[in-house]
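Peer 1: Requesting a structural model of the entry that follows:
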Amino acid sequence: MAGEGSVFAPSLEGMKHVKSEQGEMLTKPFLDVCKLILPVIDKFGAALAIVKSDIGERLETKYSSDPTKYKLLYSMIQEEVQAKTAKGSSSCTNGLLWLTRAMDFLVELFRNLLTHQDWTMSQACTDSYSKTLKKFHGWLASSSFSVAMKLAPDRKKFMDVISGKGDINADIDSFCSTFSPFLAENHKFLASVGMDDLKAS
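Peer 2: Numbers count the residues shown, from 1 in each chain. The predicted model follows:
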């Protein structure tokens, strides 16, 4: 199987395991799917490093410290909320928030590439950035993003690289529609503990 299919193939497989039979979000499978999408970000080179820096290491570390205790994704958040440490910039709550936002950005970007075949990569990125991350970023992050967009790869080249031998459009569609509800659930949970509208300092 390796080498076949698009870069999305492993995550499409992985998403089948993100929820427990009881419908709860599981920490490791969720983080694993996010990590499987990271190689896509790498294909942008430096342009999206800013998004990637937010991806899950903190959650991974916390999970590894006690995989049984933190089997459910929201357990580490609930613990921090009770301890009143959730708002700290190095908290797992903050980690999950920015990871979810980074993935929101990617889902939106992939949707744009699917819907707007005539858009350049830079257009697709800028649009998805303004719909997702922009309102939470301060001036500094926003301006570094604008600079990064000037380095966005050529669209055709990017699509060729991520396509592999798979049907890339079907895979993107499938990824977006399956992954979005997980992100919506994260937002809902974060909102329930008053953490969904936190801005970057």
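Peer 1: mind listing the helices for the chain?
Peer 2: For the chain, the helices defined by DSSP state H cover 9-14, 27-42, 49-52, 57-65, 75-83, 92-115, 121-131, 139-149, 155-163, 168-192.
Peer 1: who does the longest one touch, helix- and strand-wise?
Peer 2: Secondary-structure packing of helix 168-192 (3 or more CB pairs under 8 Å, 6 or more residues apart in numbering; DSSP states H and E): helix 9-14, helix 27-42, helix 92-115. Backbone N, C-alpha and C define where each C-beta goes, glycine included.
Peer 1: re the thing from before, of all the helices of the chain, which one comes closest to Ser20?
Peer 2: Ranking these by proximity to Ser20 (CB to CB) places helix 27-42 first, at 9.2 Å.
Peer 1: what packs against that closest one?
Peer 2: Contacts defined by 3+ CB pairs under 8 Å, 6+ apart place helix 27-42 against helix 9-14, helix 49-52, helix 57-65, helix 92-115, helix 168-192.
Peer 1: quick one on the thing from earlier: with mean neighbour count and mean pLDDT as new columns, can the helices and strands packed on helix 168-192 be given to me in TSV?
Peer 2: Listed next are the helices and strands packed on helix 168-192 as TSV, based on neighbours: other CB atoms under 10 Å; pLDDT from 0 to 100:
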stretch	mean neighbour count	mean pLDDT
helix 9-14	18	90
helix 27-42	19	86
helix 92-115	22	92
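Peer 1: Check Val51 and give its pLDDT.
Peer 2: pLDDT recorded at Val51 is 65.
Peer 1: How about the one 4 residues further on?
Peer 2: In the predicted model, Ile55 carries a pLDDT score of 62.
Peer 1: Tell me the spacing between the residue of the chain most remote from its centre and His187.
Peer 2: The C-alpha centroid of the chain is most remote from Ala83, which lies 26.5 Å away (CA atoms, centre = their mean). Counting by CB to CB, to the nearest Å, the gap from Ala83 to His187 is 22 Å.
Peer 1: How about Ser163?
Peer 2: With distances taken as CB to CB, Ser163 is found 30 Å from His187.
Peer 1: In the chain, what helix or strand scores lowest on average pLDDT?
Peer 2: The weakest-scoring helix or strand in the chain, judged by mean pLDDT, DSSP states H and E, is helix 49-52 (a mean of 65).
Peer 1: for Asp167, what are its contacts?
Peer 2: Ser6 (CB atoms under 8 Å, 6 or more residues apart in numbering).
Peer 1: where does the chain dip in pLDDT?
Peer 2: Applying pLDDT under 70 to the chain picks out residues 1-4, 45-55, 201.
Peer 1: Quick one: residues contacting the residue nearest in space to the middle of it.
Peer 2: By CA atoms, centre = their mean, the chain has its centre lying nearest to Met103, at 1.9 Å. Neighbouring residues of Met103 by CB under 8 Å, 6+ apart: 34, 37, 179, 183.
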